Structures are given as structure tokens and as C-alpha cells.
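> Sequence first, then the predicted structure, then my questions.
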Amino acid sequence: MTAGASGSIRVAVMEGDDIGPEIVRSTTRVLDRAAQQHGVRIEWIPLPAGIAAVDTEGSTLPIRTREALPDIPGWILGPVSHRDYPIGDARYVNPSGYLRKNFELYSNVRPARAWPGIECVRPKMDVVIVRENTEGFYADRNLIDGNGELRPDLDTVISVRVVTRRASLRVARQAFAIARERNGLRKVTCVHKANVLRRGDGLFLDCCRQVAAENPDIAFDDFLVDAFAMRLILRPDDTDVVVTTNMFGDILSDEAAGLVGGLGLAPGLNTGDEHAMAQAVHGSAPDIAGKGIANPIAEILSGALLLRWLSRVHAAPMLVEAADTVESAIAATLARGESLTPDLGGTATTESITAAILAAVDAS
Ligand code: NAD
């Protein structure tokens, strides 16, 4: 199906925990309005995911959700509070980790750029962190049976870290494709710790070098993660696209977000060959849940990334135009500075900043 033929696309929506429902509802409203402006109707398919689904359906990721997702290419997931999910209770699956691993959403693409009107540490920064998303140190996705954290006795824990050639090559290829599409330095930087993790990160670095050789038009360099963490702060203009393993990418993307205005502005898209899932970098922010002050922008920008990805699936260039409209409306809202949520130094609510973004969409 192309959106061009039917004018309609389907997107799955999973609201998640804590601030998840608040920011996901803002996201669907803004994407709806922008898509309509470009002649596309989005049919939202709500699917349960998160703690609320344990009471109603017996799992944080019910069978109904798992069975519906394969037929829908694009999904939105709100943040989940998985640190609070009890260990060893089979009803509490981490939806985020499960979906990334089991649907082979192998790269987590996390752009970090400064926005006009938002004071930040690094106003010229514009980078994309491409994080391997299916293995590495994340114990919940490392074994076919059981968990990759083992406790041989009460005082000892062994964590299994997995690095495979297949996962490393495909995430590296994704990073080079992004560097080619972007209007940036056309450079990929591999970040690793191959001096200590000589086999695991050694394999990852070898794979990145192999893909670099396949893409001679894109510059390539590599850094140890500790040196790179400092370099990103001191010389962010030298970085374009970063490719790295799961945990380093998780940490570096929060660092990058901190340099350009904070987690409230940090979007992410989990991509595979068949599916993509929009998901902000931040967590479920239990400290502000229910107060109506969560910043929805990171989730909305994640939705815009999803529209761009879906434009290829549906051969629908108007979805790129809709994503441009969303991003321009957010830029205009931030630049005006009247409707900023408390994380950005203002007093706006989730509702009032959403209304301001909708008005900016209408005005575009
Ligand atoms: P967090 O990202 O939820 O919050 C860190 C700080 O940033 C808090 O002060 C919070 O109020 C603020 N913040 C985050 N998002 C915000 C937003 N949209 N608007 C305004 N302020 C925002 O990190 P945490 O507190 O360490 O984790 C809370 C829960 O989220 C944990 O259970 C953790 O496991 C989970 N988590 C989930 C994801 C995900 O679903 N993708 C990612 C990270 C953490």
C-alpha cells in the first residue's frame, strides 16, 4: 500500500508508563495535523504496553500487541519505567528491549542538534549517534534462554556482553547511509574500547573499518570511548555521525542531549529492515508524571523521524514534507520562547506547548 494511492497509513501507538501517555497523545495530535496538511491520514492503532497492561491483559507486552505489530511497519512507543519492573516476574517484560531485539530494530538513531532560542552548552552541535540496539551489554537480550546476568554466589555477578559480526556490520552500514544522506561533514566516527575489550570491540571496529572501505566517499575515524566522551564536549563540530555499541551509545546520546538543551529535546528512532519505532531518548520521568508539565518535544521529533522512515516504506514523499512541517513548527515554537516547559526554563504545560506547536503547524 502506498499513502499516495490510499492517502492513509497505519501507525501503532503504545503509550508506556508515567509521562508516556501524556507525551504520546501530544505526539499523535501534532503528527495528525501535519500529515493532514500534506494530504495523508494517519490511522492510529492503539496497542497496550506498559504497567497498566499488567492489570488488564496480564503482561507489560501483551500477546495482542506482539501479534498486531508485525503487520504494521511504523510504531510509536512512550517511555517505560522498566527499572521498577520486578525481577523474575514473567508478566513484566521490558517492552523497549523486547521489541528492539525480537523485531530486529538493529539501529537506534539519535540525532542531537541545538535549537534557535534554546540556550545550551554547544550551540553549533549537530550530530547523530547510531547505537547498536540488539546486543552488547544489555543482559535482557543476550541469550536465547535465560538472562545474560549470572549470579554464581551472593557476592558475584557476571554479565555477558555479546558482539556479533552480523549486528556490527548492519549498524555500521546504517551509519554510513545516514552520513551520506545528511547535509553534514560526511563522516562516520566509530566509538569503542578496543584497547581493553580487544575481542568484542575489536570485532566491532574491524566491521566498521570494513564498511568504511566499502564507502570511500565518506570519511572515517575512530576513538576510544573515554577520549571521545571528552572530545564531544570540547570539539563537537568535528563530529557528524557516530556509530557505537549499545551501552556506549546509550550513555553518549544522553551526554549529547545535555549539550544541546536536555532530554526533553532528544529524539530517537529504532530502525530495522521491516519496522521502525519512534521513541524519545529519555525515560518515563516518574518525578513529574501526572503533573502535566512533561516536555513532549522529544517524542514528537521522534515521530517526525518515523514519518521520514515511513515515506520510503509507503513511497510517499508527502510524509517527508509532513516531517519538515513538524520540525519547523517546533523550531518556531522554541524560537518564540513563550511556551517552554519547566525543563527548558519556562512555565508552560504539556498541553500549552502542544497547542503552540499545533498553531505553528497551522501557520506554516
Ligand atoms: P528519565 O529520563 O526518566 O529522567 C531523568 C530526568 O529528566 C528527570 O528529572 C526527568 O523529570 C527529566 N525528564 C525526562 N524526560 C523529560 C521530559 N520529556 N520532560 C521534562 N523532563 C524530563 O531517567 P530516569 O529517572 O533515570 O529513569 C526513569 C525510568 O525510565 C526508569 O524506570 C528507567 O529504567 C526508565 N527509562 C526508560 C527509557 C525508555 O523507555 N526509553 C529510557 C531511559 C530510562
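Perfect, thanks for sending it. Numbering: from 1, shown residues only.

> Let me see the ranges of the strands in the stretch 51-200 of the chain.
74-77, 107-113, 126-132, 149-153, 156-159, 187-192 (DSSP state E, counting those that start in this stretch).

> mean confidence for the last one?
Which is strand 187-192. If you average the pLDDT over strand 187-192, you get 98.

> Tell me the strands beside that strand, with direction?
Applying DSSP bridges, strand 187-192 is found paired with strand 219-224 (parallel), strand 241-244 (parallel).

> do stretch 288-296 and the ligand meet?
Yes. Stretch 288-296 lies within reach of the ligand by CB under 6 Å from any ligand atom, at Ile288, Ala294, Asn295. (Glycine included, C-beta is placed from N, CA and C.)

> Read off the pLDDT value for the closest residue to the first one other than its chain neighbours.
Leaving aside its chain neighbours, Ile288 sits nearest to Ala294 (5.7 Å; criterion: CB to CB, 6 or more residues apart in numbering). For Ala294, the pLDDT comes out at 98.

> one step back: highest mean neighbour count across the strands paired with strand 187-192, which stretch is it?
strand 241-244 (a mean of 29; mean count of other CB atoms under 10 Å).

> ok, and what's touching that strand?
127-132, 171-172, 174-176, 178-179, 182, 184, 187-192, 208, 225, 228, 249, 252 (CB atoms under 8 Å, 6 or more residues apart in numbering).

> From the ligand, how far off is the nearest residue to Thr349 once chain neighbours are set aside?
Counting by CB to CB, 6+ apart, Thr349 lies nearest to Gly292, which is 4.8 Å off, once chain neighbours are set aside. Taking CB to the nearest ligand atom, to the nearest Å as the measure, Gly292 falls 11 Å from the ligand.

> Surely Asn195 and Leu224 touch.
Yes. Using CB atoms under 8 Å, Asn195 is in contact with Leu224, at 6.1 Å.

> ok so, going back, quick one: which of the strands of the stretch 51-200 of the chain is nearest Leu265?
Each of those has some distance to Leu265 by CB to CB; the shortest is strand 107-113, at 8.5 Å.

> picking that back up, columns mean neighbour count on top of the strands of the stretch 51-200 of the chain, output as a markdown table?
A markdown table is the format used below for the strands of the stretch 51-200 of the chain (neighbours: other CB atoms under 10 Å):
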| stretch | mean neighbour count |
| --- | --- |
| strand 74-77 | 26 |
| strand 107-113 | 25 |
| strand 126-132 | 26 |
| strand 149-153 | 11 |
| strand 156-159 | 10 |
| strand 187-192 | 25 |
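
> Arg83: which of these is closest?
Closest among the strands of the stretch 51-200 of the chain, using CB to CB: strand 149-153, at 14.2 Å.

> helices and strands around the closest one, which ones?
With contacts taken as 3 or more CB pairs under 8 Å, 6 or more residues apart in numbering; DSSP states H and E, strand 149-153 sits against strand 156-159.

> Restricting to C-alpha, output the strand it packs on in PDB.
Extracted as PDB, the C-alpha positions of strand 156-159 are listed here (Å, rounded to 0.1, in the frame of the first residue of the first chain):
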ATOM      1  CA  THR A 156      29.500 -12.100  42.500                       C
ATOM      2  CA  VAL A 157      27.700 -11.100  39.300                       C
ATOM      3  CA  ILE A 158      28.900 -12.000  35.800                       C
ATOM      4  CA  SER A 159      27.500 -10.000  32.900                       C
END
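
> Excluding chain neighbours, what is closest to the residue in the stretch 251-364 of the chain positioned nearest to the ligand?
Nearest to the ligand, among the residues of the stretch 251-364 of the chain, is Gly283, at 2.4 Å (CB to the nearest ligand atom). Residue nearest to Gly283 in three dimensions, not counting chain neighbours: Pro79, with 5.0 Å by CB to CB, 6+ apart.

> hang on, the earlier thing: the ligand: which of the strands paired with strand 187-192 is closest?
Here strand 241-244 is closest among the strands paired with strand 187-192 (CB to the nearest ligand atom), at 17.0 Å.

> average model confidence for the very next helix or strand once past that closest one?
The helix or strand immediately downstream of strand 241-244 is helix 246-259, counting by DSSP states H and E. The average of the pLDDT scores along helix 246-259 is 97.
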